[in-house]
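Chemist: Would you be able to build a 3D model of this:
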Amino acid sequence: MHRRGFTLLELLVVIVMLGVIMALAIPRLRSAFGGTSTRSARVTVTTLVAKARAAAVARGCRATIHFTSGSAGTVWVTVCRLNGAGVDTLGGIEPLAARFNVTVTATRDSVSFAPSGIGFDGLSTTLLMTGNGGRDSIVINPIGKVLR
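Modeler: Predicted structure coming up:
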């Protein structure tokens, strides 16, 4: 008579092997996902800088990208209104730190662009995004170009 199935010992060996494999794989997966979140935060900031420059050129007035640092870091773009005085916030305030689980550190609180799309004050600004899986940064040079 032949029995079908696995013995208890065979099942235990497979479970132990799966546990060892998971113990080795989980830390690597966490660091990979952490790196993805910091890269995504960098790409989001780069896109918002381009949006601010484009808005300055399109509307023919000063546009500013604002940063708040820390674990509640946010980024937003303001530009003059098309009709009347004051400023508009384009696209709302982006909760960068909460969305990507990063800590934002900025060397300045804002960068302004002239109607030509060039940086207003001629200073460089560095943004550092730090998350579980690593760090990523961008530099906005004096003419407003984003460097990695």
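Chemist: residue ranges for the strands of this protein, please.
Modeler: Ranges of strands within the chain are 63-67, 75-80, 87-94, 102-106, 110-113, 125-131, 134-140, 146-147, based on DSSP state E.
Chemist: Of those, give the one that comes closest to P27.
Modeler: Nearest of the strands of the chain to P27, taken as C-beta to C-beta: strand 134-140 at 13.4 Å. Bear in mind the C-beta positions are built from the backbone N, C-alpha and C, glycine included.
Chemist: Show me what counts as buried in stretch 10-18.
Modeler: Of the residues in stretch 10-18, none count as buried by neighbour count, 16 or more other C-beta atoms under 10 Å.
Chemist: In CSV, list the strands of the chain along with mean neighbour count, distance to R53 and mean pLDDT.
Modeler: Below are the strands of the chain laid out as CSV (neighbours: other C-beta atoms under 10 Å; distance: least, C-beta to C-beta, whole Å; pLDDT from 0 to 100):
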stretch, mean neighbour count, distance to R53, mean pLDDT
strand 63-67, 22, 7, 95
strand 75-80, 21, 10, 95
strand 87-94, 14, 12, 91
strand 102-106, 21, 17, 93
strand 110-113, 21, 5, 94
strand 125-131, 21, 13, 92
strand 134-140, 18, 10, 91
strand 146-147, 14, 9, 90
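Chemist: Switch these over to JSON lines, and while doing so, append distance to R4 to every line.
Modeler: Shown next, in JSON lines, are the strands of the chain (distance: least, C-beta to C-beta, whole Å):
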{"stretch": "strand 63-67", "distance to R4": "65"}
{"stretch": "strand 75-80", "distance to R4": "62"}
{"stretch": "strand 87-94", "distance to R4": "59"}
{"stretch": "strand 102-106", "distance to R4": "53"}
{"stretch": "strand 110-113", "distance to R4": "70"}
{"stretch": "strand 125-131", "distance to R4": "50"}
{"stretch": "strand 134-140", "distance to R4": "50"}
{"stretch": "strand 146-147", "distance to R4": "64"}
